[in-house]
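J.: need a structure here:
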Amino acid sequence: MNIKMIMYLISWILKIEAAFMIPPLLIAIAGKEREAFTGFLAAIIVTLIMSAIISFNKPQKYIFYAREGFVTVALSWILMSFFGCLPFYISGQIPGLINSFFETVSGFTTTGSSILTEIETLDRSILYWRSFTNWLGGMGVLVFLLAIIPLTKGKGHSLHLLRAESPGPVVDKLVPKLQKSAKLLYGIYVTLTVVQMVLLMAGGMPGFDSVVASFSTAGTGGFAIKNASIAAYDNYYMQSVVTVFMVLFGINFNVFYLILAGEFSAAFRNEELKVYLGILFTAIAVITLNTRSFYNGWFDAFHHAAFQSASIMTTTGFATVNFDLWPELSRYILIMLMFVGACAGSTGGGIKISRIIILFKSLKIEIEKMMHPNSVKVVKLNKKTITEPTIRGVNVFMIAYTAIVVFSILIISVDNFSFETTVTSVIACINNIGPGLDMVGPSGNFSEFSDVSKLVLCMNMLLGRLEIFPLIMLFAPSTWKQSAR
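T.: Residues are numbered from 1 along each chain as shown. This next block holds a predicted model:
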């Protein structure tokens, strides 16, 4: 285990986090937000001191393997969340360290669950940082680090970091050079974010609101700066722009790369993209029919069905209506979308479309083999054979996912809330969605949960964003053995 290399990488993560706290610090100065200024200044100093301490001993070897990659990613996200919560806690804008930590974990993991009962009273600098954690967590701070700094010398294996942080069963480079791949990913990410900002401002949304709304949409995090979420902007144009960009950020970024490379046929033949859009449009159609009587006309029903379906499936968590009041069929469809999630390689959460496809294709092949034992069939995705290790990884992921959900529900049930609240709070957190149903619905929050439950939900959010394995590896004894690779 190359501990020094892990510390070296984490020290860079903390430096980057401290640098990203400078814009909200400047906003606090401009707005004369004294408590927020103190919070950000203190957080920057503490974060930089910690970065200096853990990077005191430079690594002799800049090579690291899969286990170092997983450990680095897991530790980075935990530490990043802790130091990122300091502005909230020190400024006193969010009461209590656990509440501040919950809000920050929710931000960086792009979950969007909140303990806040009153958002609009927060300082603008705090609102900016809160939404920016969505944006930074969407693509991943380690991907950003890979884009700007050559991390290894000689035969390094930076791809282990990309695979550990990026969502999906298979993660590959867009181009042969990893640093160029990371730059391309962030280039696409930044471009889409800026385009959304411009479109929202063109529709009359205030500049600051457009920036933070775009941050939260891009990261599919759903942190809004209004108590009523996007419903506060009673404007179908603005809400439609957000709907479109939620759908776009739920698409595998490889599709955007293929479009940029001029390979349009390959992009639009993408099997995962077809299934993603097929599920989404089907959900919109059914919910529109089911909720027609709730609204003045078909267009209103379609508009809100499209927004909420996109919001839940991409795990963004914005709301234009209180969908907890919808008919049972529509509510159950939204719960199903919570599990399915967005595409692999997107900023969305959930199980991921590619895993769903692999699971169903594997089931089909197993049934066929029962009927024809001597037949030889393989699982293919986009005409490429899915390897046995990948299929095994998907199966193990589902087993671990199910076990974590069941165990978490058991712990949180001690708080003695309703069945819907308890179950959907876990589903919303591990799938990085934000709102659930009942007490944690779009008009509720997570403030009433006990500190133990909040910490369990924080763990669920981290497990969901990092797709379980990096965090579990921290507690595996074999991870820390010198002979392990």
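J.: Tell me which residues touch Ile230, please.
T.: Ala213, Ala224, Met238, Gln239, Val242, Phe307, Phe318, Ala319, Thr320 (C-beta atoms under 8 Å, 6 or more residues apart in numbering). Quick note: C-beta positions are derived from backbone N, CA and C, even for glycine.
J.: Look at the most centrally placed residue in the chain and report its pLDDT.
T.: A centroid search over the chain (C-alpha atoms, centre = their mean) returns Thr110, at 3.7 Å, as the residue closest to the centre. Note for Thr110: predicted pLDDT of 93.
J.: Contact partners for it?
T.: Counted by C-beta under 8 Å, 6+ apart, Thr110 has contacts Asn134, Gly137, Gly138, Gly219, Thr220, Gly221, Gly222, Thr315, Thr347, Gly349, Asn432, Arg465.
J.: Redo the residues you listed as CSV? Include secondary structure.
T.: Formatted as CSV, the contacts of Thr110 follow (DSSP: H, G, I helix; E, B strand; the rest coil):
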residue, secondary structure
Asn134, helix
Gly137, helix
Gly138, helix
Gly219, coil
Thr220, coil
Gly221, coil
Gly222, coil
Thr315, coil
Thr347, coil
Gly349, coil
Asn432, coil
Arg465, helix
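J.: Skipping its backbone neighbours, what lies nearest Ala283 in space?
T.: Ser309 (4.5 Å; C-beta to C-beta, 6 or more residues apart in numbering).
J.: State the helix or strand in which that neighbour lies.
T.: Per DSSP states H and E: Ser309 is located in helix 298-313.
J.: residues in contact with that helix?
T.: With contact meaning C-beta under 8 Å, 6+ apart, helix 298-313 is reached by 222, 230, 236, 239-240, 242-243, 246-247, 250, 279-280, 283-284, 287-288, 291-292, 294-295, 316-321, 323, 330, 333-334, 337-338, 340-342, 348, 350, 433.
J.: after it, next one along is what?
T.: helix 328-340.
J.: Counting by contacts, list what that following helix packs against.
T.: Under the contact definition 3 or more C-beta pairs under 8 Å, 6 or more residues apart in numbering; DSSP states H and E, helix 328-340 sits against helix 271-291, helix 298-313, helix 419-430.
J.: Compute the inter-axis angle for it and helix 419-430.
T.: Relative orientation of helix 328-340 and helix 419-430, computed by axes from the mean of the first three to the mean of the last three C-alpha atoms, to 10 degrees: 30 degrees.
J.: Could you pull out the buried residues of the helix or strand just after helix 328-340?
T.: Per DSSP H and E, the first helix or strand lying C-terminal to helix 328-340 is helix 353-371. For helix 353-371, a neighbour-count test (16 or more other C-beta atoms under 10 Å) marks Ile353, Ser354, Arg355, Ile356, Ile357, Ile358, Leu359, Lys361, Ile365 as buried.
J.: For the closest residue to Lys369 other than its chain neighbours, the count of nearby residues, please.
T.: In space, and not counting its chain neighbours, Lys369 is closest to Ser375: 6.1 Å by C-beta to C-beta, 6+ apart. Ser375 is flanked by 9 other residues according to other C-beta atoms under 10 Å.
J.: Using the three-state scheme, assign Ser375.
T.: Secondary structure, three-state DSSP: Ser375 is coil.
J.: I'd like to know how far it sits from Lys364.
T.: 12 Å (C-beta to C-beta, to the nearest Å).
J.: sorry, back to before: now, which of the buried residues of helix 353-371 sits nearest Arg392?
T.: Ile358 (10.7 Å; C-beta to C-beta).
J.: tell me the contacts of that closest one?
T.: Pro169, Val379, Leu381, Ile386, Thr390, Ile391, Val394.
J.: Filter the contacts of helix 298-313 down to the buried ones.
T.: 222, 230, 239, 242-243, 246-247, 250, 279-280, 283-284, 287-288, 291, 295, 316-321, 323, 330, 333-334, 337-338, 340-342, 348, 350, 433.
J.: Ile356 contacts Gly278, correct?
T.: No. The criterion here is C-beta atoms under 8 Å, and Ile356 misses it with Gly278 at 11.5 Å.
J.: Out of the helices and strands packed on helix 328-340, which gets nearest to Ala36?
T.: Among the helices and strands packed on helix 328-340, the nearest to Ala36 by C-beta to C-beta is helix 419-430 (27.0 Å).
J.: excluding its backbone neighbours, what's nearest Asn57?
T.: In space, and not counting its chain neighbours, Asn57 is closest to Lys4: 5.6 Å by C-beta to C-beta, 6+ apart.
J.: so that neighbour, which of the three states?
T.: Relying on three-state DSSP, one would call Lys4 helix.
J.: Any idea how far apart the tips of stretch 442-455 sit?
T.: The straight-line separation of the ends of stretch 442-455 (C-alpha to C-alpha, to the nearest Å) is 21 Å.
J.: Can you point out the buried residues in it?
T.: Those would be Pro442, Ser443, Gly444, Asn445, Phe446, Phe449, Ser453, Lys454, Leu455, for stretch 442-455 by 16+ other C-beta under 10 Å.
J.: returning to that earlier point: now the contacts of Ile230 as JSON lines including pLDDT and distance to Val195?
T.: As requested, these are exported to JSON lines (pLDDT from 0 to 100; distance: C-beta to C-beta, whole Å):
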{"residue": "Ala213", "pLDDT": "97", "distance to Val195": "13"}
{"residue": "Ala224", "pLDDT": "93", "distance to Val195": "20"}
{"residue": "Met238", "pLDDT": "97", "distance to Val195": "14"}
{"residue": "Gln239", "pLDDT": "97", "distance to Val195": "17"}
{"residue": "Val242", "pLDDT": "97", "distance to Val195": "13"}
{"residue": "Phe307", "pLDDT": "97", "distance to Val195": "19"}
{"residue": "Phe318", "pLDDT": "95", "distance to Val195": "18"}
{"residue": "Ala319", "pLDDT": "95", "distance to Val195": "23"}
{"residue": "Thr320", "pLDDT": "95", "distance to Val195": "21"}
